[in-house]
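Student: this one's sequence-less:
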């Protein structure tokens, strides 16, 4: 949202939403569009009438731009924080141990001003003893102007007040999965939750629940993720047109599997399981629906394109059925391990074939570095398949492409 | 996808690793604050007398505090505009303008003008009624000298 505004200041104050990949549904909303009553996750076609009436501006997601601006913001955070953990494209944890508490708010306000000025991106900061509580604090910093971007929870009074105002489903680590059970038991907000004894929490939510319970009281339980590699990688897309033929769907699934393999190799990891899901169009209630998924466990974790693609196709064969119109498919690789630490099974492993596949993949990576899919397996589609992605309302690649710089008169 | 136009890389793998860093990196000269540096392309002729022409690339540093006489990318009423920033009332006679100091409006705010470098365009006085921000200060102008390229 703010990335779009940084280069299109005229969007300041306007209701704007950003659409998911393929312009499917709303994934980010400006405050003005929230006020307009556009819910998160709304499919684009449901808000199109607002766009047509000129009441709402939509943008396709421009991850290249967001990634670049995110890296700039993170670099400025890293200058200040003794330890920085980048949690996602728009969130990071700063470990401020060693900075005097009375200096924190001022330091963070200065940082916010600097980031806004240097990058054009508005940020907010929540300060507390634990990550979970800092996220609660940040929620207040973001929501209420009076905090001027920084909210610190540093006394028991402030903590209780903040927890009582935080619905349980908004708590990091509880979310929409854990919330219904707790709500049914009378736990409406975070304060209700911490008021229960730890045994009560452990019985219902296990050790992870107790972790959140402690964190909310300012006791640090969530450790820094030390360069932890991704736990799963997913590549999925909705198709512009529905697909009925096995071969056509196989081609798309091969593409996605190839992308996953590429990401694994880039991370220096390998996956032990390759999963595939294929979905019909759930907005077409007049059509038959089918949402299967299947996965194939590899004998030895792999990251070569031929192996990952082969496994994905085997999984797809297990669940593909004729007579349905498929709208979406994806490949998820899990059981990710360090590529260097692969334990080979003793029997039946064809290391010659593995060497060959690894060599093929390395050549593919070298040739495909430009981002264009020049080299591909026979089952994959040629060219850059991002071309098939709908991005009708995309802003420019202002920071990464000479051809798309902002223009000034 | 982003054809990631590269930052300058040493063009050839050299066996002489000791000399690895001995190439000129334009970024070192042109980019003081990487996190705050953006680029823009010039369209139109509003700054031709300052040597800025259509097609030129501008290096913009958003971290710099705009000052009198800076060339800046301004955002005014829905459009990016390239102008000189001035806090002095512009005058037909440049000698007179130099003598004048900073002027203030009736509310005591420092007045600001955006000055083009082309007689065809008038200076613009920025008032409360404008939707206005200074987007960034121009630090370098990159110009193509050889039209064959």
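Tutor: That came through fine. It should be emphasised that the depicted structure is a prediction, and the values quoted were computed from it without experimental measurement.
Student: helices and strands of chain B: which one has the lowest mean pLDDT?
Tutor: helix B:94-99 (a mean of 47; mean pLDDT, DSSP states H and E).
Student: and the next element down the chain from that helix?
Tutor: strand B:112-115 (DSSP states H and E).
Student: Give me the residues contacting the helix or strand just after that next one.
Tutor: With elements assigned by DSSP H and E, the helix or strand that comes after strand B:112-115 is strand B:124-126. With C-beta atoms under 8 Å, 6 or more residues apart in numbering or on different chains as the test, strand B:124-126 has contacts from B:76, B:83, B:111, B:112, B:113, B:114, B:132. The C-beta positions use only the backbone N, C-alpha and C, and glycine is treated the same way.
Student: 7 Å instead?
Tutor: B:111, B:112, B:113, B:114, B:132 (C-beta atoms under 7 Å, 6 or more residues apart in numbering or on different chains).
Student: Pull the distance from that strand to the chain's centre.
Tutor: Here strand B:124-126 is found 18 Å from its chain centre; the criterion is C-alpha atoms, centre = their mean, to the nearest Å.
Student: can you list the weak-confidence ranges in the chain?
Tutor: If you meant another chain, say so; for now it's chain A. Scanning chain A for pLDDT under 70 picks out A:224-230, A:341-355, A:366-389.
Student: that answer is for a different chain, and I need it for chain B
Tutor: Judged by pLDDT under 70, the stretches of chain B that qualify are B:1-22, B:92-102, B:105-108.
Student: Do a quick rundown of the helices in the stretch 251-400 of chain A.
Tutor: With helices called from DSSP state H, counting those that start in this stretch, the stretch 251-400 of chain A shows them at A:305-319, A:351-367.
Student: who wins for proximity to residue A:116 among those?
Tutor: The closest of the helices of the stretch 251-400 of chain A to residue A:116 is helix A:351-367. By C-beta to C-beta, the value is 38.4 Å.
Student: tell me which element residue A:92 falls in.
Tutor: Residue A:92 belongs to strand A:91-95, assigned by DSSP H and E.
Student: returning to what we had before: which among the contacts of strand B:124-126 count as buried?
Tutor: B:112, B:113, B:114, B:132 (16 or more other C-beta atoms under 10 Å in any protein chain shown).
Student: Return the two entries of the residues you listed that lie farthest from one another.
Tutor: Longest span within the buried ones among the contacts of strand B:124-126, C-beta to C-beta: B:113 and B:132, 11.7 Å.
Student: Doesn't residue A:87 lie inside a helix?
Tutor: No. Applying DSSP: H, G, I helix; E, B strand; the rest coil, one finds residue A:87 to be strand, outside a helix.
Student: re the thing from before, just curious, which of the contacts of strand B:124-126 is nearest to chain A?
Tutor: Comparing the contacts of strand B:124-126 against chain A with C-beta to the nearest C-beta places residue B:132 closest, at 9.6 Å.
Student: thinking the closest one is in contact with residue B:76, fair?
Tutor: Yes. With contact defined as C-beta atoms under 7 Å, residue B:132 and residue B:76 form a contacting pair (5.0 Å).
Student: circling back to that earlier point, CSV for the buried ones among the contacts of strand B:124-126, including distance to chain A?
Tutor: Below are the buried ones among the contacts of strand B:124-126 laid out as CSV (distance: C-beta to the nearest C-beta, whole Å):
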residue, distance to chain A
B:112, 17
B:113, 17
B:114, 12
B:132, 10
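Student: Can you identify each of the strands in chain B by residue range?
Tutor: For chain B, the strands defined by DSSP state E cover B:37-42, B:57-61, B:71-76, B:79-86, B:112-115, B:124-126, B:132-142.
Student: ok, which residues in the stretch 101-250 of chain A are in contact with chain B?
Tutor: The stretch 101-250 of chain A comes close to chain B at residues A:117, A:118, A:119, A:120, as judged by C-beta under 7 Å from any C-beta of the partner chain.
Student: for residue 117, what are its contacts?
Tutor: This is for chain A. Per C-beta under 7 Å, 6+ apart, neighbours of residue A:117: B:62, B:63.
Student: Let me rephrase: I mean chain B.
Tutor: Contacts of residue B:117 by C-beta under 7 Å, 6+ apart are B:47, B:48, B:49, B:50, B:84.
Student: phi, psi of it?
Tutor: phi -120, psi 60 (degrees, to the nearest 10).
Student: Ok, the one 5 residues further on next?
Tutor: Summarising the backbone geometry of residue B:122 under the convention degrees, to the nearest 10, its torsions are phi -80, psi 160.
Student: Surely residue A:291 is in contact with residue A:321?
Tutor: No. Counting by C-beta under 7 Å, residue A:291 stays clear of residue A:321, with 11.5 Å between them.
Student: what number of residues lie near the residue of chain B found nearest chain A?
Tutor: In chain B, the residue that lies nearest chain A is residue B:36 (3.7 Å; C-beta to the nearest C-beta). Neighbour count of residue B:36, defined by other C-beta atoms under 10 Å in any protein chain shown: 22.
Student: What of residue A:76?
Tutor: 20.
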